[in-house]
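A.B. asks: Just a sequence and a predicted model for now, questions to come.
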Amino acid sequence: MSQLPPIQVGLLGIGTVGSGVFRVLQRNQEEIRRRAGRGIAITMVADLDTERARGIVGDAAQVVADARAVIANPDIDIVVELIGGYGIARQLVLEAIAAGKHVVTANKALLAVHGTEIFAAAQAKGVMVAFEAAVAGGIPIIKALREGLTANRIQWVAGIINGTTNFILSEMRDKGLDFDVVLKEAQRLGYAEADPTFDIEGIDAAHKATLMSALAFGIPVQFDKAYVEGITKLQAADIRYAEQLGYRIKLLGITKRVAGGVELRVHPTLVPAKRLIANVEGAMNAVVVQGDAVGTTLYYGKGAGSEPTASAVIADLVDVTRLHTADPQHRVPHLAFQPHAMSDLAIVPMAQVVTGYYLRLRVADQAGVLAEVTGILARAGISIDAVLQREADEVGGEGSTQTDLIILTHDTAEGTMDAALAAMQALPTVLAPIVRIRKEELA
Ligand SMILES: NC(=O)c1ccc[n+]([C@@H]2O[C@H](COP(=O)([O-])OP(=O)(O)OC[C@H]3O[C@@H](n4cnc5c(N)ncnc54)[C@H](O)[C@@H]3O)[C@@H](O)[C@H]2O)c1
Ligand SMILES: N[C@@H](CCO)C(=O)O
Ligand code: NA
């Protein structure tokens, strides 16, 4: 074992994740030292709430309110950013890089939106920016995409990458709990983002999918091109009908190589109930990666929470410690592909995205309606996989004059489906906005 003194780390923000990092690093310090080749010591912590920070670190590290004091400390080699958001966090990360510090962050929002600027700055300065905790928390999915799967031409990546929404969908389905009640519980457990609309509107998942698209296909991070749809408009009836058809509804982040470029999208998705990923419950995350050589691989585990996320942050600290003295040219590239070898594959517009569909139409319970609807689909060249019609009584009570028509379609382009949906919506016998949920077989 080398006689190098511990590498010194400065922590910016010691909330849910930061406190986990501090705790796990203390608890497992000997094990971690044996792996890293030298000790890793948090010697300075910045948090606006210095009293709470001191309560966590005691005498083990210097606590300050001003994050810039950490960046200015010449003894610190690695800065860990665990504040969150793209405001002050962006400035601090860029300042840390400019000061020659390596950066470890869990901040997917920051990297998905400002990654191009941050990785270029790090490249120019010869420092590392590591972000395993930013996607699927404790699951080593960044490592898998960046290192474990480098032999492959990756075809697609699809994942449950937001614990809060998966927790909400699971609890609503299993316990019949209300959306708001479950969201509050996810916040209490420390899963939710500071602004939980990032979770429920699919934005957090889109940040993570954006990072995975860059790593899988060697393209720049392009969050602004992602299609984003959350779970707030999902209705309990659709979760139930999907089950009856052999599917589960999951909020998936999907990025896929297609003829015209790369798909990048987040939306509620029907997945066959028999797939492993369809059975991922609660706050758990899972990511499926399809590579041409390896086939399908699945990564499963805790995507949020204090210590699971800390596990990923500390793994990055070990990597950075090991590579700190290596020639920058021989380090693992930030986004898996060498910076001069990035691709300009375009993110394709949603109109060109091809998926199956689940449609639910609230219709008048009278003869000929089904024929009208299927006629529109047939004329658009959309082929039907399954049709389910609920009894009027089940939908509107005894004597109801309305019924639900549920249709599963085979693969069709979104633009074609949009036009057919508009035509169906215009029928006088269609009584409410049509529900449309995309479907992926993930085979
Ligand atoms: N909580 C999770 O499960 C989880 C999982 C993966 C990634 N993340 C990401 O990790 C980051 C941190 O999340 P968290 O849940 O620990 O947040 P948190 O709100 O619990 O902690 C943030 C901490 O930063 C401090 N802070 C705020 N502004 C500061 C400033 N200007 N200077 C110094 N300290 C400041 C706050 O006082 C707080 O202690 C975010 O980017 C989040 O998206 C969180
Ligand atoms: N809010 C995120 C935290 C982990 O990134 C989630 O619920 O998955
Ligand atoms: Na991870």
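C.D. replies: On my side now, so go ahead. Numbering: from 1, shown residues only. Ligands and ions are numbered 1, 2, ... in the order given.
A.B. asks: OK, now which residue of the stretch 201-350 of the chain is nearest to ligand 2?
C.D. replies: Of all residues in the stretch 201-350 of the chain, the one sitting closest to ligand 2 is A304 (3.7 Å; Cβ to the nearest ligand atom). Placement of C-beta: from N, CA and C, glycine included.
A.B. asks: can you pull the contacts of that residue?
C.D. replies: Counting by Cβ atoms under 8 Å, 6 or more residues apart in numbering, A304 touches G137, G163, T164, G190, Y191, A283, N285.
A.B. asks: What strand or helix carries the closest residue to N73 other than its chain neighbours?
C.D. replies: Using Cβ to Cβ, 6 or more residues apart in numbering and skipping the chain neighbours, the partner closest in space to N73 is M44 (6.0 Å). According to DSSP states H and E, M44 maps onto strand 40-46.
A.B. asks: What is that strand packed up against?
C.D. replies: Packing contacts for strand 40-46, counted by 3 or more Cβ pairs under 8 Å, 6 or more residues apart in numbering; DSSP states H and E, involve strand 7-12, helix 16-27, helix 29-36, helix 50-57, strand 62-64, helix 67-71, helix 306-323.
A.B. asks: switch the cut-off to 10 Å
C.D. replies: strand 7-12, helix 16-27, helix 29-36, helix 50-57, strand 62-64, helix 67-71, strand 78-81, helix 306-323 (3 or more Cβ pairs under 10 Å, 6 or more residues apart in numbering; DSSP states H and E).
A.B. asks: for these, which one ends up most surrounded?
C.D. replies: Using mean count of other Cβ atoms under 10 Å, the stretch among the helices and strands packed on strand 40-46 with the greatest mean number of neighbours is strand 78-81 (a mean of 27).
A.B. asks: Tell me the helix or strand right after that one.
C.D. replies: Where DSSP H and E defines the elements, the next helix or strand beyond strand 78-81 is helix 88-98.
A.B. asks: Adjacent strands (with direction) for the helix or strand that that next one is followed by?
C.D. replies: Helices and strands here follow DSSP H and E; after helix 88-98, the next one along the chain is strand 102-105. Strand pairing for strand 102-105, determined by DSSP bridges: strand 78-81 (parallel), strand 129-130 (parallel).
A.B. asks: Tabulate the ones you listed (JSON lines), appending mean pLDDT and distance to ligand 2.
C.D. replies: JSON lines is the format used below for those (pLDDT from 0 to 100; distance: least, Cβ to the nearest ligand atom, whole Å):
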{"stretch": "strand 78-81", "mean pLDDT": "98", "distance to ligand 2": "14"}
{"stretch": "strand 129-130", "mean pLDDT": "98", "distance to ligand 2": "16"}
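A.B. asks: Tell me where the stretch 1-150 of the chain is predicted with low confidence.
C.D. replies: 1-2 (pLDDT under 70).
A.B. asks: Where does it get nearest to ligand 1, residue-wise?
C.D. replies: Counting by Cβ to the nearest ligand atom, the stretch 1-150 of the chain gets nearest to ligand 1 through G15 (1.9 Å).
A.B. asks: List the single closest residue to that residue in space, sequence neighbours excluded.
C.D. replies: The shortest distance from G15 to any residue other than its chain neighbours is 6.8 Å, reached at L82 (Cβ to Cβ, 6+ apart).
A.B. asks: got the contact list for the one you found?
C.D. replies: Shown in contact with L82 (Cβ atoms under 10 Å, 6 or more residues apart in numbering): 11-21, 47, 89, 104-107, 133, 309-310, 313.
A.B. asks: Measure how buried Q3 is and give me the count.
C.D. replies: Neighbours of Q3 under the rule other Cβ atoms under 10 Å: 5.
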